[in-house]
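In: Structure for this input, please:
(chains A and B)
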2 protein chains.
Amino acid sequence: MNKEPIRIGIAGLGTVGAATLGFLINENARIAARAGRALQVDAIVARDRTKDRGVDTSDIRWFDDPVALAKDDGIDLYIELIGGADGVAKASVEAALAAGKPVVTANKALLAHHGAALAKLAEETPGASLHYEAAVAGGIPAVKALREGLAGNGVTRVSGILNGTCNYILTEMESTGAAFGDVLLEAQNLGYAEADPTADVGGFDAAHKLAIMAAIAFGRQIDFASVEIEGIESISSEDIAAAKDIGYRIRLLGMAERTPEGVSQRLRPCLTPIASPLGSIEGVTNAVMLEGDAIGATVLVGPGAGGGPTASAVLADIVDVARGNTPPTFGIACNDLIQPENGKTIRDIGAFYLRIALEDRPGTLAEVAAALGQEGVSIHRMHQHDHTGNAAPVTIVTHICDLSAIERSKTRIAALPASVAPPVSMRIVES
Amino acid sequence: MNKEPIRIGIAGLGTVGAATLGFLINENARIAARAGRALQVDAIVARDRTKDRGVDTSDIRWFDDPVALAKDDGIDLYIELIGGADGVAKASVEAALAAGKPVVTANKALLAHHGAALAKLAEETPGASLHYEAAVAGGIPAVKALREGLAGNGVTRVSGILNGTCNYILTEMESTGAAFGDVLLEAQNLGYAEADPTADVGGFDAAHKLAIMAAIAFGRQIDFASVEIEGIESISSEDIAAAKDIGYRIRLLGMAERTPEGVSQRLRPCLTPIASPLGSIEGVTNAVMLEGDAIGATVLVGPGAGGGPTASAVLADIVDVARGNTPPTFGIACNDLIQPENGKTIRDIGAFYLRIALEDRPGTLAEVAAALGQEGVSIHRMHQHDHTGNAAPVTIVTHICDLSAIERSKTRIAALPASVAPPVSMRIVES
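Out: Residues are numbered from 1 along each chain as shown, chains lettered A, B, ... in the order given. Modelled structure (predicted):
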């Protein structure tokens, strides 16, 4: 066993960086015993040198420039916790890899946008490797479970609740009946949502994670550009209540599937049964479901964000590096990764939820049923909810059909004289 | 990358062995791409050479003796799927390790009884390593999550539903109201329980898995001998119904915890809330909950047995070996493992469930409350169930107390003139 210490450089001392630094200093002996090597935090980059981070950093070298730290000969392992798809985060990771160093990062945007090039650089440079357990689902060891634990499987589907902010908002909307905007404001006040919430509620953060998992799952070049993304901004409390009435919850699900036309990658609100593995997840918790030909299915649940949990993932990568566990970035050699089928349309086949508001007079439901029938959409269940006033809310669960037929049906229904508001549809995911 | 093929020898072609062999032959290219090495099944041991296993084995060498196969110079990796704590399983694993080969095994009994010596042999022999993902919770990558994914954590508790047969029986008892014996018989007919069910329903199989996880979690010499084991044979349908009445389910839980007196390892039926991560697990499914100072908690759910899922775990170990990921058997060097505190009593502090059958006359409940009070046990909730006849069933949920106080209280209560049957108690685990 190589007993030389691993000299670690950390760039970025925000919540995750500070937590990682704290564990590496306060629990050094314990973690080093697991790593089989001494671990020494040798250099740091952070904006504010004077801030009290609860640990003694007087023996640690401070850098102003992450790229300089990444290249520094005194550093054996570079940890990037700056964030952002480009800028110094990218430049410093490239510099460290090019210098033949292992890199640990929590940066999902960087991986989603530049993972292909970075994986190639890591593969081509002796000594370099790229580790990013913290980039997907925080503390849950999802990357490890997929890239290593399911390495023998032909993966059929990867799905999950990949953004705690969205799941918190949806959970609160259900329990309080409040509207999206009000719950978002509350989440911002509590620190569960950013001042600019677009990355979270727009689905982009979760889509980054989905693209990473899809690349590993299907041995496919990472392909963030073709992830279909829909956020939770337009989810109404009416839909949440209507879904609950028929036994479902609305969850922002990421789902990548092997289909006859290729790999689909979709990130959008779906209905899933209240008691299902993903439907039962409440609050800021994340969950990842992995399905394959050998295992069937396994579900991993845990904290998707926060200093401690994300540091847990960073530390796991550090121990992997120290133990010499450096698998290919996406599980197989870069040249063996399947190329994305750019621009190809991947059909979306499944059951759908439709919510329609109709004038409350005889014959309107028959008109809706006829509109669906004309597009080949057959009805599995139909439910008319209690209502006051003249608009009768109707929810429909369809049998399996193609999303395009649902879209055409919605156009027909919206054009009916009895239609009071535009129909809403969402995919149903039974498990 | 070393492009020489890894020559694999498999001993034991039961359900798991046949499934593993099938994947290694039918999906060879896919798995080899993940492994970064060619994988070649070179030799097999099985009782019956003529049985159709659905794959062409004509190019594979057959051995009669697992030890001879394990030692054979033509084999680089030995896979032990024979089972049993001793005999040829143990002898062949020792032979392979002594010959400097990596070993993959699904044998939880072998690890639980001889893990300390085998880990030492693996550590002392260049080239040898011991992999056993399949020994714990079937397809769930629980060993990997704990030994690698949580490597940065100070683990505080490991718990889980580790035996699918028991969970199936408890689930069926709840949904049908049937007695243990009847459900066991049905499980045997369906193939979910063995003809001799002792290893499963007596808790021993799950206790093996708990001992393995506790060793990794706490960096402690494996210590099966001190696992406190209680099976599900004496669980009555009355207890299952009474637990449900107050919002709980009875689950056979394995739980290893860091306590002020040392590491506790307990495998026994407990009450846990119906909606909790472990209480919500139904049927043959397994679940593992891992708690640590960095991550908080993560829960992994999946199939705990069966050919495909267990083969998934075996294949993950094979890919790990091919990729060169060979961490220490229990996560740290053998000499650094803490020695068990043999014979030390570890107090069991928690809330408890008590079920008491009393004559239905005034004053009896007061006598019970007095008996509990005399032992310092205070009552959190008390519930008298509907009943016909003269025996009134009463369930009590205590506040946090010591199990020894519960035991003394039960003795006092059993001695009351109003007591109709011996009191039953179980530990409550809130999450």
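
In: so residue A:57 makes contact with residue A:43?
Out: No - with contact defined as Cβ atoms under 8 Å, residue A:57 does not reach residue A:43; the gap is 10.3 Å. C-betas here are computed from N, CA, C, even on glycine.

In: So residue A:339 versus chain B, what's the distance?
Out: 15 Å (Cβ to the nearest Cβ, to the nearest Å).

In: Report the contact partners of that residue.
Out: A:220-221 (Cβ atoms under 8 Å, 6 or more residues apart in numbering or on different chains).

In: Is chain B within reach of the one helix or strand residue A:130 maps to?
Out: Taking DSSP states H and E as the definition, residue A:130 sits inside strand A:129-131. No - under the criterion of Cβ under 8 Å from any Cβ of the partner chain, strand A:129-131 makes no contact with chain B; the nearest approach is 11.4 Å.

In: How far off centre is that strand?
Out: 19 Å (Cα atoms, centre = their mean, to the nearest Å).

In: How about the residues of the stretch 1-150 of chain A by chain B?
Out: A:19, A:23, A:27, A:30-31, A:33-36, A:133, A:139-141, A:144-145, A:148-150.

In: avg pLDDT for the strand holding residue A:130?
Out: For strand A:129-131, the per-residue pLDDT values average out at 98.

In: Helices of chain A, start to end?
Out: A:15-26, A:28-35, A:66-71, A:87-98, A:108-124, A:142-144, A:164-176, A:180-190, A:198-201, A:204-218, A:237-245, A:307-323, A:364-374, A:403-414 (DSSP state H).

In: Dump those to a markdown table, plus mean neighbour count, mean pLDDT and distance to residue B:93.
Out: Listed next are the helices of chain A as a markdown table, based on neighbours: other Cβ atoms under 10 Å in any protein chain shown; pLDDT from 0 to 100; distance: least, Cβ to Cβ, whole Å:
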| stretch | mean neighbour count | mean pLDDT | distance to residue B:93 |
| --- | --- | --- | --- |
| helix A:15-26 | 22 | 97 | 35 |
| helix A:28-35 | 19 | 97 | 24 |
| helix A:66-71 | 22 | 98 | 44 |
| helix A:87-98 | 21 | 98 | 40 |
| helix A:108-124 | 21 | 98 | 35 |
| helix A:142-144 | 28 | 98 | 26 |
| helix A:164-176 | 22 | 97 | 43 |
| helix A:180-190 | 16 | 95 | 53 |
| helix A:198-201 | 19 | 96 | 50 |
| helix A:204-218 | 27 | 98 | 32 |
| helix A:237-245 | 18 | 94 | 53 |
| helix A:307-323 | 27 | 98 | 22 |
| helix A:364-374 | 16 | 94 | 62 |
| helix A:403-414 | 18 | 97 | 53 |
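
In: Phi and psi next, for the spatially closest residue to residue A:13 that is not a sequence neighbour.
Out: Distances taken as Cβ to Cβ, 6 or more residues apart in numbering or on different chains put residue A:46 closest to residue A:13, at 3.8 Å, once the chain neighbours are dropped. The phi/psi pair for residue A:46 (degrees, to the nearest 10) reads phi -150, psi 150.

In: ok and the residue in the stretch 101-250 of chain A nearest chain B?
Out: Residue of the stretch 101-250 of chain A nearest chain B, by Cβ to the nearest Cβ: residue A:152 (2.4 Å).

In: quick one, what contacts that residue?
Out: A:294, B:23, B:27, B:31, B:34, B:311-312, B:314-316, B:318-319 are the contacts of residue A:152 under Cβ under 8 Å, 6+ apart.

In: Leaving out sequence neighbours, find the closest residue to it.
Out: Nearest non-adjacent residue to residue A:152 (Cβ to Cβ, 6+ apart): residue B:315, at 2.4 Å.

In: I'd assumed residue A:149 was in contact with that neighbour.
Out: No - at 9.9 Å, residue B:315 and residue A:149 do not qualify as touching, with contact defined as Cβ under 8 Å.

In: what's the pLDDT at residue A:1?
Out: pLDDT, read off for residue A:1, is 46.

In: Kindly report the same for residue A:51.
Out: Taking residue A:51 on its own, its pLDDT is 86.

In: How many neighbouring residues does it have?
Out: Residues lying near residue A:51 (other Cβ atoms under 10 Å in any protein chain shown) number 11.

In: and what of residue A:125?
Out: Neighbours of residue A:125 under the rule other Cβ under 10 Å: 15.

In: wait, what's in contact with the residue of the stretch 301-431 of chain A found nearest chain B?
Out: Across the stretch 301-431 of chain A, no residue is closer to chain B than residue A:315, which sits at 2.4 Å (Cβ to the nearest Cβ). For residue A:315, the contacting residues are A:20, A:23-24, A:31, B:151-153, B:294, by Cβ under 8 Å, 6+ apart.

In: of those, closest to residue A:391?
Out: Checking those against residue A:391 by Cβ to Cβ gives residue B:294 as the nearest, at 51.4 Å.

In: Grab the nearest non-local neighbour of the closest one.
Out: For residue B:294, the spatially nearest residue (Cβ to Cβ, 6+ apart) is residue A:312, at 3.8 Å.
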